[in-house]
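**Q** task: produce atomic coordinates for the following.
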Amino acid sequence: MIAAIAALVLWRRTRSMYRPIRGNGLRILIPLLFMLPAVTLFFNPDVNEPAWAFAAAFGTGILFSIPLIWTTNYEVRADNQIYAQKNWGFIIAFLGVLIVRFVLRQEFSDMNPQNLMALFMMVAMGYLIPWRVVSFIKFRRLLRSSSPIRVN
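**A** The predicted structure follows:
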């Protein structure tokens with residue numbers, strides 16, 4: 001399942017290098033809405049991890065977001081449209097994050113499955129939220145700087 005999701009993300013990301021990003025960039029934030037159902041994992045009575053474990057998981061996710069943020073940029077091309085910048089370093093960084101997550105999952109395989117799922121969802125939130133928010137900010141800055149100044 002995780003491999004299929006990773007393949008979909010990589011496929012969409014490589015396709016976005018060749019298609020302009022339309023609108024005001026809110027589509028960059030839409031994947032965060034798909035994470036809302038995962039919040040119910042944290043209120044599951046079977047999940048009994050201490051708060052520091054969730055904080056550590058979120059912090060680990062933030063560390064994972066750093067290479068994704070560094071390798072995600074946007075550019076205005078000759079047709080005055082904004083595109084995701086062609087950067088194969090992103091794919092390498094994304095695959096690296098997946099490999100580290102897989103290794104960590106194997107390392108903690110003796111944990112209760114509900115606890116493990118909740119902690120890994122916290123890791124995912126830790127790298128998706130900062131990465132998408134910073135990507136949105138980068139897009140909006142470029143959109144603002146590339147649009148013509150209107151004088152009223």
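**Q** when you work out contacts or count neighbours from here on, use the C-alpha atoms and nothing else.
**A** Fine.
**Q** contacts for the helix or strand of the chain with the lowest mean pLDDT next, please.
**A** Every helix and strand of the chain was ranked by mean pLDDT, DSSP states H and E. The lowest is helix 2-16, at a mean of 74. Under the criterion Cα atoms under 8 Å, 6 or more residues apart in numbering, residues Tyr83, Ala84, Ile91, Leu98 lie in contact with helix 2-16.
**Q** for stretch 90-107, same thing?
**A** Ala6, Leu10, Phe64, Pro67, Leu68, Thr71, Thr72, Leu116.
**Q** for the residues you listed, give me TSV that also has neighbour count and distance to Arg105.
**A** Below are the contacts of stretch 90-107 laid out as TSV (neighbours: other Cα atoms under 10 Å; distance: Cα to Cα, whole Å):
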residue	neighbour count	distance to Arg105
Ala6	14	16
Leu10	16	21
Phe64	25	15
Pro67	19	20
Leu68	24	20
Thr71	18	25
Thr72	21	26
Leu116	17	8
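**Q** from those, which land in helices?
**A** Counting by DSSP state H, the contacts of stretch 90-107 place Ala6, Leu10, Phe64, Pro67, Leu68, Thr71, Leu116 in helices.
**Q** could those residues be laid out in CSV, adding distance to Arg141?
**A** Listed next are these as CSV, based on distance: Cα to Cα, whole Å:
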residue, distance to Arg141
Ala6, 28
Leu10, 25
Phe64, 24
Pro67, 20
Leu68, 18
Thr71, 16
Leu116, 38
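**Q** which of the contacts of helix 2-16 fall in helices?
**A** Counting by DSSP H, the part of these found in helices is Ile91, Leu98.
**Q** neighbour-wise, which one of the contacts of helix 2-16 leads?
**A** Greatest neighbour count in those, by other Cα atoms under 10 Å, goes to Ala84: 21 neighbours.
**Q** now the least confident helix or strand of the chain: how far from the chain's centre is it?
**A** In this view, helix 2-16 has its centroid 12 Å away from the chain centroid, taken as Cα atoms, centre = their mean, to the nearest Å.
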